[in-house]
Structures are given as C-alpha cells and as structure tokens.
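J.: mind folding the following:
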Amino acid sequence: MTKTPVLNGDFAFATEVPSLEEYMRLRGVAGLTAFSEEAAAIGLKGTVFAAVIRHRDVAIGMGRIIGDGGCFFQITDIAVDPAHQGKGLGKAIMAHLMAYVNEALPATAYVSLIADVPANRLYEQYGFRETAPRSIGMSYIVRR
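T.: Next comes the predicted model:
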C-alpha cells in the first residue's frame, strides 16, 4: 500500500481523513470556498483516500481523493495553512495522493481536479493537463 512520507522537524504526515474541525479550519485559512458544517460532514464520508500534515499536533495541510470507486475520481481540498506554505508541503500531499492513484485505482480510472491559478503548475508536475479545448470544466453551486 502507499507509503506514508516522512517529514522533517515538527511535521507529521498521516494517511487519514481530516476531522470536521480540521477540514473547516484549513479550508478557511487557505481561502477555499466555505461549506456548511452539515455539508462538510457528509462530504468527508465520501473520501476514498486522504492525507493530513500536522505541525505540533495541529493540522496545517490536507488533501483528499473522492470518487465513485471505479471510474471517476477527483483530487480535492489540497490546502496548506499560509503560515506553512513554501515548504514543499503541498508537493508532499500531492505526491502521496498520486502514489495512491497510481497504485490502487483501476487502470482506466479518470482522475480530475479543479486548479486555481497558480496552483495549476503544481498539478502539471504530476501529469495533469488542461482539458480545453476538447472539454471545459463547468460547475454549479446550489444556493438557497
């Protein structure tokens, strides 16, 4: 199975789903779209694989893979606390997720992600390519 990376110093890498509290806090400090706690709790249950980096027992980075278990998967929630950015932690998270993708997912699985600029450069290092003009990512957000 996927080997958990070893990080230097006070950083600890865990192959686990972040807690609801960790998830909400990291999304907030990293500037990702906010979700309700109810939606996040449901969403976390759909995790196929995840990683969390902690610094002195505080979650400071995370990433998840979600999907249908066979055909379609999405890398999501790549987030590093701004106080710890620039230390290669985002790369460590992606490397761990991609090791799982390449070892455990079916050979024909389609893995996608939505990249914010300039993070797209990170994902290109792992073989991700823009899909345009053949296909264009689209989204819809439920608003009530």
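J.: from here on, just use CA atoms for contacts and neighbour counts.
T.: Will do.
J.: the protein: helices as residue ranges?
T.: 20-29, 37-44, 89-104, 120-124 (DSSP state H).
J.: can you put those in JSON lines and add mean neighbour count?
T.: As requested, these are arranged in JSON lines below (neighbours: other CA atoms under 10 Å):
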{"stretch": "helix 20-29", "mean neighbour count": "17"}
{"stretch": "helix 37-44", "mean neighbour count": "13"}
{"stretch": "helix 89-104", "mean neighbour count": "18"}
{"stretch": "helix 120-124", "mean neighbour count": "14"}
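J.: reformat the ones you listed as CSV; add mean pLDDT.
T.: Converted to CSV, the helices of the chain look like this (pLDDT from 0 to 100):
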stretch, mean pLDDT
helix 20-29, 98
helix 37-44, 98
helix 89-104, 96
helix 120-124, 90
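J.: of all those, which one comes closest to residue 8?
T.: Nearest to residue 8 among the helices of the chain is helix 89-104 (10.8 Å), distances taken as CA to CA.
J.: what helices and strands are in contact with the closest one?
T.: Under the contact definition 3 or more CA pairs under 8 Å, 6 or more residues apart in numbering; DSSP states H and E, helix 89-104 sits against strand 47-55, strand 58-67, strand 72-80.
J.: about what we covered before: to residue 65, which of the helices of the chain lies closest?
T.: Nearest to residue 65, of all the helices of the chain, is helix 89-104, at 7.3 Å by CA to CA.
J.: and the closest one with strand 47-55, angle?
T.: Taking axes from the mean of the first three to the mean of the last three CA atoms, to 10 degrees, one finds helix 89-104 and strand 47-55 inclined to each other by 150 degrees.
J.: then helix 89-104 to CSV, C-alphas only?
T.: Taking C-alpha atoms only, helix 89-104 is exported to CSV below (Å, rounded to 0.1, in the frame of the first residue of the first chain):
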residue,chain,number,x,y,z
LEU,A,89,4.1,20.5,1.9
GLY,A,90,1.6,20.9,-1.0
LYS,A,91,4.0,18.8,-3.1
ALA,A,92,4.3,16.2,-0.3
ILE,A,93,0.5,15.9,-0.1
MET,A,94,0.2,15.6,-3.9
ALA,A,95,3.0,13.0,-4.1
HIS,A,96,1.2,10.9,-1.5
LEU,A,97,-2.2,11.2,-3.2
MET,A,98,-0.7,10.4,-6.6
ALA,A,99,1.2,7.4,-5.2
TYR,A,100,-2.2,6.1,-4.2
VAL,A,101,-3.8,6.9,-7.6
ASN,A,102,-1.0,5.0,-9.4
GLU,A,103,-1.0,2.0,-7.1
ALA,A,104,-4.6,1.5,-6.1
